[in-house]
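Chemist: no FASTA, just this:
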């Protein structure tokens, strides 16, 4: 039987393209999931820092360690904001809204109330609330992330992404 | 009229009341926001560029507008825009409007 070289080459190219696409998708997915994991870690760490902050009585004239805690909480808030922004587009709209709602409550626990205030007092309710909100947020983030990795959601994500890319390019041209 | 918090007020907003130190929400509201809003022009508040945005600052600066009794949520929607270009700050614009919506005039029972 004669060897059909064109079919052989077409098959090889098709195979390489398919496995390349799958590997590329796996790489992007792992990268995204890594950031989601990091986000959850930041939420938990920030909640622990906030709990210590809200259960600590500031020293006279607010001592150095206390100011360090406040600066640390602002830094963790920023890390949370940046990571959240980097992963949010892949979640469904309803999940995004739920996560934003919980984030607002969580951030209020981080540095709302009398945060950085001269009249800052021990606030055990806020200390408890921030832990509760953080745990809820982490669970909702994980569920939303699992949901966004179904085949349909993945396809839909790339359609949306391509549409945004095309729109941006068109706006540049026009 | 535009107010860029980082440029015109402080890149380090902090705390709720003036007694908490410089850069508080109360100071921003009383010295910048209220005079601008009462000037009659539409006010755009830009929040990009700040080094940290404590919720205590945001709540006092913006929710506090309602507590003064001089504005309602609907009126503020007409005369003020809260804007952010950087994606990580966009969520704060929504939070600010939530604070305004949740706040009650100080004399309300």
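Modeler: It's in. Just so we're clear, the structure is a prediction, and the values are computed from it rather than from any experiment. Numbers count the residues shown, from 1 in each chain, chains lettered A, B, ... in the order given.

Chemist: so which residues on chain A come close to chain B?
Modeler: Counting by C-beta under 8 Å from any C-beta of the partner chain, the positions of chain A adjacent to chain B are A:70, A:74-75, A:77-78, A:81-82, A:84-85, A:100, A:103-104, A:107-108, A:110-119. For every residue, glycine as well, the C-beta is placed using N, CA and C.

Chemist: buried among these? Make that a ChimeraX selection.
Modeler: To isolate the buried ones among the residues of chain A next to chain B in ChimeraX, judged by 16 or more other C-beta atoms under 10 Å in any protein chain shown, type:
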select /A:70,74,77,78,81,84,100,103,104,107,108,110,111,112,113,114,115,116,117,118
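
Chemist: packing partners for the longest helix along chain A?
Modeler: Longest helix in chain A, counting residues (DSSP state H): helix A:5-54. On a contact count with 3 or more C-beta pairs under 8 Å, 6 or more residues apart in numbering or on different chains; DSSP states H and E, helix A:5-54 meets helix A:64-87, helix A:93-111, helix A:124-148.

Chemist: determine the number of other residues adjacent to residue A:72.
Modeler: The number of residues packed near residue A:72 is 16, by other C-beta atoms under 10 Å in any protein chain shown.

Chemist: what do you get for residue A:137?
Modeler: Around residue A:137 there are 25 residues (other C-beta under 10 Å).

Chemist: what does chain B put close to chain A?
Modeler: Within chain B, the positions adjacent to chain A are B:14-17, B:19-21, B:51-56, B:59, B:87-89, B:91, B:94-95, B:98 by C-beta under 8 Å from any C-beta.

Chemist: so residue A:163 belongs to a strand, correct?
Modeler: No: counting by DSSP: H, G, I helix; E, B strand; the rest coil, residue A:163 is not part of a strand but helix.
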